[in-house]
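J.: Mind folding the following:
(one chain, ligands or ions: 1)
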Amino acid sequence: MANIDPRDRMIVALDLPSAGDARAMVRELGDSVNFYKIGMELVYAGGLELVRELSSKGKKVFLDLKLHDIPNTVEKATQRVADLGATFLTVHAFPQTMKAALKGKGSSSLRILGVTVMTSYDDADLIEAGYSMGVKDLVAHRAQQAKIIGIDGLILSPEEVASMRALIGSRLTLITPGIRPKGSEIGDQKRVMTPGDAISAGADYLVIGRPITSASDPKRVAEAVSDEISSVLG
Ligand code: C5P
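T.: Residues are numbered from 1 along each chain as shown. Sure thing, here's the model as predicted:
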């Protein structure tokens, strides 16, 4: 497993309606969290400012924009994201898009993550969208393409991590959402794992949102998740 500080393996999703709410959550979590994910909801509510702010405070930022456009646009957008100081950026795992993002990140420290197939899609949704492969085959197909193209990592559901690790080897960073500590609400997630089980399955980073941000004591839950990750890594 890659040499990553156990505390950095927990990425807290700031899925909050405004940059003000997000700042308050970051203040509340303090030193218990080093890594935050900013997604589309927050980006369209002033979240881009936060990327610079968090970076300047020494926090890492995963910008979950799921880019997908013509290569020139993806390349230029990725250059701008690299200028913001983000650590991770997501793009849809289409070959043209992945290649353009890799070109755009240039020699910066930004790392490009591919989203293989959205977890809200099942086989019937793919057929409806014109694909001839089911979810499992398309995830494997795109993961192999991502590896060949040289992308830095993939976002996967927890149950895909172990088989994908076996298929694509150790170079790619694997990140999984769908994390639920024992006893927490599952909400709308369909396939969940505990932090410890996801790390044991081969995940490098975990994305966890509501179990922390909706908790009555977010800092206590964040510390418990970090401790669980550290204890699995020994
Ligand atoms: O609150 P919760 O822990 O379910 O948040 C998970 C985060 O991971 C959300 O930001 C969600 O958008 C994101 N995500 C996901 N499933 C995917 C891709 C991203 O839950 N397949």
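
J.: Start and end of stretch 199-211, how far apart?
T.: 17 Å (CA to CA, to the nearest Å).

J.: Name the nearest residue to the residue in the chain positioned nearest to the ligand, ignoring sequence neighbours.
T.: Of all residues in the chain, residue 209 sits closest to the ligand, at 2.6 Å by CB to the nearest ligand atom. The C-beta positions use only the backbone N, C-alpha and C, and glycine is treated the same way. Spatial nearest neighbour of residue 209, excluding adjacent residues (CB to CB, 6 or more residues apart in numbering): residue 13 at 3.4 Å.

J.: so what's the one you found bridging to?
T.: On the basis of DSSP bridges, residue 13 is bridged to residue 37.

J.: Go ahead and confirm residue 157 touches residue 191.
T.: Yes: Residue 157 lies in contact with residue 191 (CB atoms under 8 Å); the separation is 5.1 Å.

J.: Need the overlap of contacts for these two.
T.: 119, 178 (CB atoms under 8 Å, 6 or more residues apart in numbering).

J.: of those two, who's got more company?
T.: Using other CB atoms under 10 Å as the criterion, residue 157 and residue 191 rank with residue 157 on top: 21 against 13.

J.: got any ranges where the chain has weak pLDDT?
T.: Scanning the chain for pLDDT under 70 picks out the ranges 1-2.

J.: Residue numbers of it in contact with the ligand?
T.: Applying CB under 6 Å from any ligand atom, we find that the chain lies next to the ligand at 13, 15, 39, 119, 155, 177-178, 187, 189, 207-211.

J.: quick one: buried residues of stretch 210-228?
T.: 210-213, 215, 218, 221-226, 228 (16 or more other CB atoms under 10 Å).

J.: should've said stretch 111-118
T.: In stretch 111-118, counting by 16+ other CB under 10 Å, buried: 111-117.

J.: Kindly state the beta-bridge partners for the spatially closest residue to residue 152 that is not a sequence neighbour.
T.: Spatially, and ignoring its direct neighbours in sequence, residue 152 is nearest to residue 111 (3.8 Å; CB to CB, 6+ apart). Applying DSSP bridges to residue 111 gives these bridge partners: residue 88.

J.: if I look at residue 111, how far off is residue 82?
T.: 10 Å (CB to CB, to the nearest Å).

J.: Touching both of those two, which residues are there?
T.: With CB under 8 Å, 6+ apart, residue 111 and residue 82 have common neighbours residue 105.

J.: Take the buried residues of stretch 210-228 and keep only those in helices.
T.: Judged by DSSP state H, the buried residues of stretch 210-228 include 210-213, 218, 221-226, 228 as members of helices.

J.: Let me have those residues in CSV, extended by distance to residue 105.
T.: Output for those, formatted as CSV (distance: CB to CB, whole Å):
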residue, distance to residue 105
210, 30
211, 31
212, 29
213, 29
218, 32
221, 33
222, 29
223, 33
224, 34
225, 29
226, 28
228, 32
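
J.: Helices of this structure, residue ranges please.
T.: Using DSSP H, helices in the chain cover 19-29, 40-42, 48-56, 71-84, 95-105, 123-128, 135-149, 158-168, 195-200, 210-213, 218-233.

J.: and residue 183, which of those is closest to it?
T.: Shortest distance between residue 183 and those, using CB to CB, is found for helix 210-213: 9.5 Å.

J.: Could you name the helices and strands sitting against the closest one?
T.: Under the contact criterion of 3 or more CB pairs under 8 Å, 6 or more residues apart in numbering; DSSP states H and E, helix 210-213 touches strand 10-13, helix 218-233.
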